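1. Predicted model follows, preceded by the sequence.
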Number of protein chains: 2
Amino acid sequence: MFEERTAIQVSEAVKKVMEFSREGEKEYIDIENADGRYLAEAVIADHNIPPFDRSPLDGFAVRSEDTKNASGEHPVRLEVIETVGAGGVPSLEVKPGQAVRVMTGTIMPEDCDAIVMFELTKEIEEEGRQYIEIKRTFKEGDFVSFEGEETQKGDVLLEAGSRIHAGVIAVLATFGYKEVPVVKKPVIGIYATGTELLDVGEPLEPGKIRNSNAYMIQAQIRQAGGEPVYFGQLIDDFDLSFNAVSNALEKVDALITTGGVSVGDFDFLPEIYAKLGANVLFNKIAMRPGSVTTVAEADGKLLFGLSGNPSACFVGFELYTRPWIKKYLYSRTPYVETVKGSLTKDFPKPNPFTRFIRSKTDFADGKITASPVGMDKSQVVTSLAHTDALVAVPGGSRGYKAGDEVDILLLNREGSEVPLKDPLKTRKENE
Amino acid sequence: MFEERTAIQVSEAVKKVMEFSREGEKEYIDIENADGRYLAEAVIADHNIPPFDRSPLDGFAVRSEDTKNASGEHPVRLEVIETVGAGGVPSLEVKPGQAVRVMTGTIMPEDCDAIVMFELTKEIEEEGRQYIEIKRTFKEGDFVSFEGEETQKGDVLLEAGSRIHAGVIAVLATFGYKEVPVVKKPVIGIYATGTELLDVGEPLEPGKIRNSNAYMIQAQIRQAGGEPVYFGQLIDDFDLSFNAVSNALEKVDALITTGGVSVGDFDFLPEIYAKLGANVLFNKIAMRPGSVTTVAEADGKLLFGLSGNPSACFVGFELYTRPWIKKYLYSRTPYVETVKGSLTKDFPKPNPFTRFIRSKTDFADGKITASPVGMDKSQVVTSLAHTDALVAVPGGSRGYKAGDEVDILLLNREGSEVPLKDPLKTRKENE
């Protein structure tokens, strides 16, 4: 009755999932709703920035040659012939001995080649005419902000697959993207399994617990850039469950189930995969938590069979589903970013398998450290509230001490080009 | 005509803004929409986790005393009297020599005190009865997941002001928060000023640029946890603009304007503040970019007068508006998190004022480094697309070299309890 499964390494499991990556379609969305989406096209400058020579400050546009003899003792006096605000266009020719009052952002008058800020001038009114006095020399180009000095037409400003945030939106607005080409979000369905599960609104009963995975996963999907659809709980009937999964698959780009993938009597996902004719990529991974994490493929669509244990479910999503979603969104950095850092406290548990320890990072003094949060059993849910990283420690260790160097997977960073590697034993362990 | 203003330090400006902090009201939101919101109340466990002793794996619940003489040579045989799935409740008394088949998450049968996993048993059927053989001893409590071992009733799991993300949602669902008490988002109005501004959908014209700030700021407000309302552009007429600002103030919790706070001829925000009878907290800060950043207060509401230059506008929001929003949301970490790290390249520009350099962080090898992105003039918009941090360097420096230690403000981290300090000169500079 007990089924033997062959465990594969984490890196191998990620690779198998990504062999079925595909990229979403393009759609257009109003710039005011583009935040958090992913660019479907590169953004290429269609004009120079600045688009014209302009003043970077409030002051006077002058002909620099007029100032060549200016000094504290012999100030130069220039006539101010007009005032041009930002957005305005100078209307008068500027002759020798003349200047134009300009504001921050005003286009340079054609005959002027330097900007003198207000603070360096003395303003004088005589017989209804405006003058300024200048006590130093200015060179051609002084304080002018030149066309194209920031960005040249044709520059690639952003690559397809970039996540859109405030700074990206500033660039999109500058280049007139009222409608932004973004990647359609992958629709990720969710079915929870487990007869022990109560819905969030139900009172506790003996032997039962509330379903937390379905709500958690929805937030994880959104955070990764996908669109979650929660279909509810599969009930304890094979045919009804098979039909539910089969119908759901037609409506989604990928389907997540939580629970039902282990070797328990009521774990019928494996049978559902079989009846679907799905190709099971793996059904055991040499990791904790989440060794039962299973991924199958049916007609090109992936079924992520995550563990029913909340922490194992969380980790399974971050390691396997998230990169698939990011890749769908054209991201060039779909994998979780892994850095070296040190543990802040002992993790004395001997460790037969690669283990992903829910942790909280700290960046004080410019060094990355990670503190395991709470206990680390796969059922533990409360520690997830404080998790922003996973510490990956290799199997076969006798535990870790504060200060030991470990791999830290930074869940809140955008990602990495580099696929997750299996953690290697630390030097200490190998000695 | 030129107005002298007195610059204050960055830390002082932050302090003045936060003197007018206030906290929002509580509202309830469905757990499926709670992602990204802030808790208005602490979450306190109203029951133990696990809520009952249970099996953490698929196997058999046994009476440990039955196994005390078990060995490879003399296995113990137990009768399996029933199967109880997760969520079920055992119906039979378990007598000496008996066991119950249980699944992951199943409540412990009352008379059993240890769990034996499938892999360690041999299953036998004889005359319609089910038996298992066990070849080793088990102690009381072996492999049982005990009630309350993770969390005790009454434990404070999350504080008010915590940002809700996937892991927090898992906890909320576990404790039955179908409706989650969150802080009402502060409504932050936005008015752009500047006659040079074209809307994002308009074609370019000589002397004009597109309005990028209004769209960027909306995304910054959302990211900080607020609700943006973009009112459009103020036109170049004092009375109309005064009425617009005055009316907008009544509809919002705070109002942001971009541009119009400098000393140019068309910078009429200072006059609007005067006519409103507003208390100007400051109108010059010893920093670049954004020295003209102005904050005023009218009837307890803040008017954030950010610079019209995109990068100065971006920085002004992150330094002054963001902590105000976070505090409104009860956050205990409203200030931007600042860490020590090193520059990856020279920043040769002499630096008369405290400067916030738009930068991109890298965490390789567990050390935080920051690379200035693009040019660093206050008008520069394209560099914002790659910014995830600000490097703060003190005024009076002669520039910085690759490897120098600097303060790095991490914009993508949740925040810090510690108010922003004015950057101090590095050791090198002081020598």
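-> Right, received. Where do you want to start? Source: prediction; values computed, not measured. Residues are numbered from 1 along each chain as shown, chains lettered A, B, ... in the order given.
2. Go ahead and confirm A:L39 touches A:A160.
-> Yes: A:L39 lies in contact with A:A160 (Cβ atoms under 8 Å); the separation is 5.4 Å. C-beta here means a position set from N, CA and C on the backbone, and glycine is covered the same way.
3. intersection of neighbour lists for the two?
-> Contact criterion Cβ atoms under 8 Å, 6 or more residues apart in numbering or on different chains; residues shared by A:L39 and A:A160: A:Y330.
4. The two: which is more packed in?
-> A count of neighbours by other Cβ atoms under 10 Å in any protein chain shown puts A:L39 above the other of A:L39 and A:A160, at 25 against 18.
5. got the contact list for the nearest residue to that one once chain neighbours are set aside?
-> Taking Cβ to Cβ, 6 or more residues apart in numbering or on different chains as the measure, A:L39 lies nearest to A:S162, with 4.8 Å between them; neighbours along the chain are not counted. Counting by Cβ under 8 Å, 6+ apart, A:S162 makes contact with A:38-39, A:168, B:385.
6. Which phi and psi values does the residue located most distally from the centre of chain A adopt?
-> For chain A, the C-alpha farthest from the mean C-alpha position belongs to A:E127; by Cα atoms, centre = their mean, that distance is 62.1 Å. Recorded main-chain torsions at A:E127 are phi 50, psi 40, according to degrees, to the nearest 10.
7. ok, of the contacts of A:S162, which one's closest to B:Y230?
-> For those, the residue nearest B:Y230 by Cβ to Cβ is A:V168; the value is 17.6 Å.
8. which residue sits closest to the closest one in space, ignoring its chain neighbours?
-> Closest residue to A:V168 in three dimensions, ignoring its sequence neighbours and counting by Cβ to Cβ, 6+ apart: B:A385, at 4.7 Å.
9. I'd guessed that neighbour sits against A:L158; true?
-> Yes: contact between B:A385 and A:L158 holds when scored by Cβ under 8 Å: they sit 5.7 Å apart.
10. Would you mind listing the two of the contacts of A:S162 that lie farthest apart?
-> A:Y38 and B:A385 (13.5 Å).
11. that older thread, may I have the residues that are in contact with the residue farthest from the centre of chain A?
-> Not one residue lies near A:E127 by Cβ under 8 Å, 6+ apart.
12. how near is it to chain B?
-> 18 Å (Cβ to the nearest Cβ, to the nearest Å).
13. Can you check the pLDDT for that residue?
-> Among the per-residue scores, A:E127 shows a pLDDT of 94.
14. so how far is A:G264 from it?
-> A:E127 sits 98 Å away from A:G264, going by Cβ to Cβ, to the nearest Å.
15. Neighbours of A:G87, how many?
-> Residue crowding around A:G87 was assessed by other Cβ under 10 Å; the count is 21.
16. Give me the spatial nearest neighbour of it, chain neighbours excluded.
-> B:E196 (3.1 Å).
17. correct me, but that neighbour touches A:V102?
-> No: the pair B:E196 and A:V102 fails to qualify as a contact (Cβ under 8 Å) at a distance of 11.3 Å.
18. Which one's more surrounded, the two?
-> Comparing B:E196 with A:V102 by neighbour count (other Cβ under 10 Å), the higher total belongs to A:V102, at 30 against 24.
19. residue contacts, the closest residue to the more buried one other than its chain neighbours?
-> Distances taken as Cβ to Cβ, 6+ apart put A:S55 closest to A:V102, at 4.5 Å, once the chain neighbours are dropped. Contacts were defined as Cβ under 8 Å, 6+ apart; by that measure A:S55 touches A:61, A:102-106, A:108, A:115, A:143-145.
20. let's go with 6 Å and repeat that
-> With contacts taken as Cβ atoms under 6 Å, 6 or more residues apart in numbering or on different chains, A:S55 has the following neighbours: A:102, A:106, A:115.
21. Would you mind giving the residues you listed as CSV with secondary structure and pLDDT added?
-> CSV is the format used below for the contacts of A:S55 (DSSP: H, G, I helix; E, B strand; the rest coil; pLDDT from 0 to 100):
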residue, secondary structure, pLDDT
A:V102, strand, 96
A:T106, coil, 95
A:I115, strand, 98
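22. now the helices for the stretch 51-200 of chain A?
-> With DSSP state H, counting those that start in this stretch as the criterion, the stretch 51-200 of chain A has helices at A:166-174.
23. Show me which residues of it sit near chain B.
-> Contacts of the stretch 51-200 of chain A with chain B, taken as Cβ under 6 Å from any Cβ of the partner chain, map to A:58, A:85-87, A:89, A:103, A:105, A:107, A:118, A:123, A:150-151, A:157-158, A:166-171, A:173-174, A:178, A:194-196, A:200.
24. Looking at these, which are in strands?
-> Taking DSSP state E, the ones among these that sit in strands are A:123, A:157-158.
25. Which entries within these meet the buried criterion?
-> A:157-158 (16 or more other Cβ atoms under 10 Å in any protein chain shown).
26. next SSE after the longest helix along chain A?
-> Counting residues, the longest helix found in chain A (DSSP state H) is helix A:238-251. Stepping forward along the backbone from helix A:238-251, the first helix or strand reached (DSSP states H and E) is strand A:254-258.
27. Against which helices or strands is that following strand packed?
-> For strand A:254-258, the helices and strands in contact under the criterion 3 or more Cβ pairs under 6 Å, 6 or more residues apart in numbering or on different chains; DSSP states H and E are strand A:187-192, strand A:301-306.
28. Tell me how far A:R355 lies from chain B.
-> From A:R355 across to chain B, the span is 16 Å (Cβ to the nearest Cβ).
29. Output the below-cut-off pLDDT ranges for the stretch 1-150 of chain A.
-> A:1-3 (pLDDT under 70).
30. let's go with 80 and repeat that
-> Applying pLDDT under 80 to the stretch 1-150 of chain A picks out residues A:1-4.
31. Of all residues in it, which one is closest to chain B?
-> When distances are taken as Cβ to the nearest Cβ, the stretch 1-150 of chain A approaches chain B most closely through A:G87, which lies 3.1 Å from it.
32. dump the residue contacts of that residue.
-> For A:G87, the residues meeting the contact criterion (Cβ under 6 Å, 6+ apart) are B:195-196, B:207-208.
33. which SS state does the residue nearest to A:S21 when sequence neighbours are not counted fall under?
-> Setting aside the residues directly before and after it, A:S21 is nearest to A:K327 in space (Cβ to Cβ, 6+ apart), at 4.1 Å. When classified by DSSP: H, G, I helix; E, B strand; the rest coil, A:K327 comes out as helix.
34. Helices along the stretch 251-400 of chain A, start to end?
-> Under the criterion DSSP H, counting those that start in this stretch, the stretch 251-400 of chain A contains helices at A:269-276, A:310-316, A:322-328.
35. one step back: need phi/psi at the residue nearest to A:V102.
-> A:S55 adopts backbone torsions of phi -90, psi 130, taken as degrees, to the nearest 10.
36. and the stretch 301-431 of chain A, which residues reach chain B?
-> Within the stretch 301-431 of chain A, the positions lying close to chain B (Cβ under 6 Å from any Cβ) are A:310, A:339-341, A:363, A:365-368, A:380-382, A:384-385, A:387.
37. can you tell me which of those residues lies nearest to B:L78?
-> Once Cβ to Cβ is applied, the member of those that ends up nearest B:L78 is A:V380, at 30.3 Å.
38. looking at it, the closest one is touching B:E150, isn't it?
-> Yes: the pair A:V380 and B:E150 passes the contact test of Cβ atoms under 6 Å, sitting 5.2 Å apart.
39. ok, the two, which is more surrounded?
-> A:V380 (23 against 20).
40. Strands of the stretch 251-400 of chain A, residue ranges please.
-> Remark: strands assigned in the stretch 251-400 of chain A by DSSP state E, counting those that start in this stretch are A:254-258, A:279-282, A:287-288, A:294-298, A:301-306, A:337-343, A:354-362, A:369-372, A:389-393.
41. and the last one, what does it pack onto?
-> The contact analysis (3+ Cβ pairs under 6 Å, 6+ apart) places strand A:389-393 against strand A:354-362, strand A:405-410.
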